[in-house]
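could you look at this predicted model? Sequence included:
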Amino acid sequence: MSEAVSNPAWQNAAQFPGLAALVEVMRRLRDPNGGCPWDLKQTLVSLIPYTIEEAYEVAAAITEGDLAAIKDELGDLLFQVVFYTQLTAEQGQFDLDAVAQQTADKLIRRHPHVFGDQQAQTDSEIKAQWEAIKQQERAEKGQQDSVFEGIADNLPAILMAQKLQKRAATVGFDWHEITPVLDKIREEIAEVEEELAAAEVDHDALEAEIGDVLFAVVNLARHAHVNPEHALRRTNVKFKQRFQAIEQNLAEQGLRAEALSLEALEEQWQRVKHTQKSEI
């Protein structure tokens, strides 16, 4: 075990006064005598949407590269963790320290190349070792003998696709080069075109085929070592910025976007696109 992890200073609350203060603030908010009525009404389930929202706000701040916002949003996300563990501590289950210790133990167990005597140097070796250890943990817990065991059903669709593909790859169900991945995307797009060309479009079948295209594109991102969520988020930001630039240009001329034809808007789009590329 690493000396840093076994050092008692890591478990000394005095070393983390900010965290101790946050835990105390949470305790006061949940105090039946003088606490906050809203906080007192919350449950593990009621907090879920707030946690998801805070996670997305952290991602947005990181995407924007705003360090002050990142610090602020990370604090909000940390508060969600403290809130959950305050609730479970009140139920006599576990507290924040127990969660932190269990996570530390898990990370040590899953990094034997750092904390033990195993050797793993490349990314592929480390990932294979990680998945093997997780599979062993699932077996010890008596979970189903499925490569997909432990993947939450309510994950966002892109993340779910990514995890399913990674797990399938651990047992050899994966292409070893990118060419067939691209071919699969072309095949799926052709099937979408076939559905659209039908005399009567079956929207359920069309939805399924478009889903196959999206799944194949996530697979392409995985093989290209690109995070599909980050890639799409970047494109969303780029699209928004470019269209807002069009709106600003039109406003300076006393015009609005809805008053222009598609062709005129496309011309504006290409102009903004060219200008932004020239500024890079």
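It's in.

how far away is Glu57 from Phe79?
Taking C-beta to C-beta, to the nearest Å as the measure, Glu57 falls 12 Å from Phe79. To be clear about C-beta, it is placed using only N, CA and C from the backbone, and glycine gets the same treatment.

tell me where this structure has helices.
Listed in chain order, the helices of the chain (DSSP state H) span 3-6, 17-29, 37-41, 48-64, 67-90, 96-110, 112-115, 123-140, 157-169, 179-196, 203-223, 228-252, 262-279.

mind pulling the model confidence for Ala257?
pLDDT recorded at Ala257 is 92.

verify the stated contact: it with Ala245.
No. Counting by C-beta atoms under 8 Å, Ala257 stays clear of Ala245, with 11.4 Å between them.

between these two, who's got more neighbours?
For Ala257 versus Ala245, neighbours defined as other C-beta atoms under 10 Å are more numerous around Ala245 (17 against 14).

give the contact list for Gln268.
Shown in contact with Gln268 (C-beta atoms under 8 Å, 6 or more residues apart in numbering): Ile246, Asn249, Leu250, Leu260.

show me which of those residues are buried.
Buried by 16 or more other C-beta atoms under 10 Å: Ile246, Leu250, out of the contacts of Gln268.

could you identify the most distant pair in the contacts of Gln268?
Farthest-apart pair in those is Asn249 and Leu260; separation 11.0 Å (C-beta to C-beta).

export the helices of the chain to TSV and tack on distance to Ser146?
Listed next are the helices of the chain as TSV, based on distance: least, C-beta to C-beta, whole Å:
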stretch	distance to Ser146
helix 3-6	32
helix 17-29	38
helix 37-41	38
helix 48-64	25
helix 67-90	28
helix 96-110	20
helix 112-115	24
helix 123-140	9
helix 157-169	9
helix 179-196	24
helix 203-223	19
helix 228-252	24
helix 262-279	46
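
how about the ones you listed, which one is nearest Gly150?
Per C-beta to C-beta, nearest to Gly150 of the helices of the chain: helix 123-140, 5.9 Å.

quick one, that closest one and helix 157-169 angle?
Relative orientation of helix 123-140 versus helix 157-169 (axes from the mean of the first three to the mean of the last three C-alpha atoms, to 10 degrees): 90 degrees.

ok, now which ones touch the residue nearest the centre of the chain?
Geometric centre of the chain, nearest residue: Leu159, 6.5 Å, by C-alpha atoms, centre = their mean. By C-beta under 8 Å, 6+ apart, the contact set of Leu159 is Glu229.

pLDDT below threshold where in the stretch 51-200 of the chain?
Within the stretch 51-200 of the chain, the segments meeting pLDDT under 70 span 120, 138, 142-145.

switch to 90 and redo it
Low-confidence segments of the stretch 51-200 of the chain (pLDDT under 90): 56, 59-60, 63-65, 106, 109-156, 167, 170-172.

ok so, going back, right, and the helices of the chain - which one's nearest Glu149?
Closest to Glu149 of the helices of the chain is helix 123-140 (C-beta to C-beta; 5.1 Å).

sweet, I'm off.
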